[in-house]
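[1] how would this look folded up:
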Amino acid sequence: MANCKFTNGLTDVHGTLSKEVYYDKGVKHVMRVVATCRNGKQRVYLREDRQRSTPVSQSEMRARERFAKVAEQLKNLTEEQKQNYSREMRKAKCKFNGKTYKSLRGYIMARMHAELE
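    Numbers count the residues shown, from 1 in each chain. As a prediction, the model looks like this:
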């Protein structure tokens, strides 16, 4: 990671600046130069993506399916249901199962996930 200052009035640069794809012994590697801006500070860093070396386990597949179900349920909530969750969240001081949630979406996802199990 590097701190950087862009000249010519460029500020808040985000995203991939360059991308290189190469193969080593049949394995695909992707090297990216990525820029981000947090707290007013511009950062540039290298990110290397590698192919997964292990197969997806059964428990991971179940977790992915549970997450997909909960995300679909959340997407189909009405405004009234969201307001009810919002009231419950404020009443519980943004906490559920000992964890504090910063967003209503995260709180609802945690509640629905717990109800599914």
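[2] Grab the nearest non-local neighbour of residue 110.
    Spatially, and ignoring its direct neighbours in sequence, residue 110 is nearest to residue 96 (5.1 Å; CB to CB, 6 or more residues apart in numbering). From N, CA and C alone the C-beta is placed, and that goes for glycine too.
[3] residues contacting that neighbour?
    For residue 96, the contacting residues are 89, 107, 110-111, 114, by CB atoms under 8 Å, 6 or more residues apart in numbering.
[4] So what sits opposite it in the bridge?
    Counting by DSSP bridges, residue 96 forms beta bridges with residue 99.
[5] residues making contact with the host helix or strand of residue 63?
    Element membership of residue 63 [criterion: DSSP states H and E] is helix 58-75. Around helix 58-75, the neighbours that count as contacts under CB under 8 Å, 6+ apart are 105, 108-109, 112-113, 116-117.
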